[in-house]
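Asks: Starting from these lines, generate the structure:
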Amino acid sequence: SFDCKVYPGAKHAFNNNTNADRYHPDAAKDAWGRTVNFFKKKIAGLEVTEIFYPGKEAEKLIREFNISGLPAYFLAKEVEKEKANFGVVPVENTTEGVVNRTLDMFIDSEVKICGEILIRISHDLLSRGGKPEDIAKIYSHPQALAQCRRYLNKNFPKIELAETVSTAKAAQMAAGDPKAAAVASSLASSLYGLKVVESRIEDYAHNYTRFLILGRQICGRTGKDKTSLLFSIPDSPGSLYEVLRPFSEKSVNLTKIESRPIKGQPWEYVFFVDFEGHNTDPHIQEAISELQKNVLFLKFLGSYPRSS
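Replies: Alright, predicted model coming up:
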């Protein structure tokens with residue numbers, strides 16, 4: 001068995017005690033299955049008990065485990081302190097883009113990325129009565145509200161939207177207020193005794209979130225890998241070009257680049273890059289060696305299997 005804690009936007013986490021109120025259930029069965037398969041393949045000797053089944057059996061089993069939601073920064077600390085073996089955090093969504101709090105967490109944390117999972121996200125509108133005319137307030141996580149913006153603006157233009165730390169918390173709030181509703185998963189309706197006002201209310205059908213699996217170990221090469229780095233550069237003409245040039249020269253495919261402001265240093269930034277390949281690949285090592293000559297700061301976040 002293993003211990004795992006999860007950021008509220010992620011979809012799965014299990015450890016030893018009962019605290020189901022902090023569970024965020026969206027796409028849980030799919031995410032759990034993917035995570036189990038990932039760990040079984042990548043971590044020798046890991047024993048994982050399959051616990052997800054449809055319907056009432058799933059609800060019963062969910063409540064027998066502690067499913068805990070933590071902000072990304074605190075989750076990383078739990079992993080660093082060995083209070084959890086793994087953590088799962090969202091890093092980007094196909095509708096709303098990057099999750100800034102996750103990127104910011106990597107600046108100070110020493111956790112490593114040891115995997116990624118892509119999950120399709122679907123949202124339902126839930127309430128106690130199931131009638132749209134009774135709704136006076138709608139709760140949800142900011143990302144969920146943003147992913148359903150068109151639907152909410154069209155159907156509930158005058159209704160107050162209230163942000164919560166997770167869609168699970170939103171469902172809890174709606175369960176305690178007959179005039180409230182929540183944007184959450186279909187599983188949340190049965191977990192919290194809510195009725196579905198309308199299902200699949202996300203604005204875009206192809207709504208996927210990329211999650212990162214955090215740990216303390218560095219993953220070995222699989223031949224189908226991705227590497228993530230964080231770096232800062234001098235404030236001078238051509239500095240970003242000089243840093244990225246080795247990737248082109250070594251035929252390394254960059255898959256993502258993002259910048260984030262450095263806290264307390266106005267107009268200075270750190271950059272996050274993802275690219276195909278493992279840090280043990282010779283051409284990757286050569287590219288990183290050239291990159292190091294032109295950066296002020298470089299941090300290796302991990303090499304890990306690419307999700308298909």
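Asks: in the chain, which helix or strand is least confident?
Replies: Here the helix or strand of the chain ranked lowest by mean pLDDT, DSSP states H and E is helix 55-62, holding a mean of 39.
Asks: what pLDDT, on average, does the helix or strand that it is followed by get?
Replies: Next helix or strand after helix 55-62 toward the C-terminus (DSSP states H and E): helix 72-80. For helix 72-80, the mean pLDDT works out to 80.
Asks: on contacts alone, who are the packing partners of helix 72-80?
Replies: Helix 72-80 is packed against strand 4-6, strand 86-93, helix 100-108, strand 208-215, with contacts defined by 3 or more Cβ pairs under 8 Å, 6 or more residues apart in numbering; DSSP states H and E. Any C-beta I mention is one placed from the backbone N, CA and C, and that applies to glycine too.
Asks: Check which residues of the longest one are buried.
Replies: Of all the residues in helix 100-108, those buried under the rule 16 or more other Cβ atoms under 10 Å are 102-107.
Asks: For Leu244, which of the helices and strands packed on helix 72-80 is the nearest?
Replies: Evaluated over the helices and strands packed on helix 72-80, closeness to Leu244 peaks at helix 100-108, with 18.2 Å, by Cβ to Cβ.
Asks: The closest one - contacts with which helices or strands?
Replies: helix 72-80, strand 86-93, strand 254-261, strand 269-276.
Asks: after it comes which helix or strand?
Replies: Criterion used, DSSP H and E; the element after helix 100-108 is strand 112-120.
Asks: relative to strand 269-276, how tilted is that next one?
Replies: 70 degrees (axes from the mean of the first three to the mean of the last three Cα atoms, to 10 degrees).
Asks: quick one: strand 112-120 to chain centroid distance?
Replies: Computed by Cα atoms, centre = their mean, to the nearest Å, the chain-centroid distance of strand 112-120 equals 8 Å.
Asks: Check stretch 279-298 too.
Replies: Centre to centre, stretch against its chain (Cα atoms, centre = their mean), the figure for stretch 279-298 is 27 Å.
Asks: So which bits of that stretch are buried?
Replies: Buried positions in stretch 279-298, judged by neighbour count with 16+ other Cβ under 10 Å: 279, 281, 284, 287-288, 290-291, 294-295.
Asks: end to end, how far does it reach?
Replies: 14 Å (Cα to Cα, to the nearest Å).
Asks: who touches it?
Replies: By Cβ atoms under 8 Å, 6 or more residues apart in numbering, the residues outside stretch 279-298 that reach it are 221, 225, 227, 229-234, 239, 242-243, 245-247, 249-252, 270, 275, 277-278, 300, 303.
Asks: at 6 Å what do you get?
Replies: Stretch 279-298 is contacted by residues 221, 227, 231-233, 242-243, 246-247, 250, 252, 277, 303 when judged by Cβ atoms under 6 Å, 6 or more residues apart in numbering.
Asks: got it, and stretch 200-219?
Replies: 10, 79, 86-95, 111-123, 125, 147-148, 150-151, 304.
Asks: Put the buried members of these into a ChimeraX selection.
Replies: Listed next is the ChimeraX selection for buried residues among those, using 16+ other Cβ under 10 Å:
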select :10,79,86,87,88,89,90,91,92,93,95,111,112,113,114,115,116,117,119,121,122,123,125,147,148,151,304
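Asks: just the helices in the stretch 101-250 of the chain please.
Replies: 142-147, 149-155, 167-175, 186-191, 239-249 (DSSP state H, counting those that start in this stretch).
Asks: So for Gln265, which of those helices sits nearest?
Replies: helix 239-249 (15.8 Å).
Asks: Please tell me how far the spatially most central residue of the chain sits from Ala144.
Replies: The centroid of the chain falls nearest to Pro90 when counting by Cα atoms, centre = their mean (1.1 Å). According to Cβ to Cβ, to the nearest Å, Pro90 and Ala144 sit 11 Å apart.
Asks: Then Val243?
Replies: From Val243 to Ala144 the distance is 36 Å (Cβ to Cβ).
Asks: go on, Phe156?
Replies: 14 Å.
Asks: neighbour-wise, which of those two wins?
Replies: Neighbour totals were compared for Phe156 and Ala144, and Ala144 leads with 26 against 18 (other Cβ atoms under 10 Å).
Asks: which residues does that one contact?
Replies: Counting by Cβ under 6 Å, 6+ apart, Ala144 has contacts 123, 167, 183.
Asks: Which residue, neighbours along the chain excluded, lies closest to it?
Replies: Val183 (4.8 Å; Cβ to Cβ, 6 or more residues apart in numbering).
Asks: could I get the helices and strands packed on helix 72-80 as JSON lines with distance to Ile262?
Replies: Shown next, in JSON lines, are the helices and strands packed on helix 72-80 (distance: least, Cβ to Cβ, whole Å):
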{"stretch": "strand 4-6", "distance to Ile262": "27"}
{"stretch": "strand 86-93", "distance to Ile262": "19"}
{"stretch": "helix 100-108", "distance to Ile262": "8"}
{"stretch": "strand 208-215", "distance to Ile262": "21"}
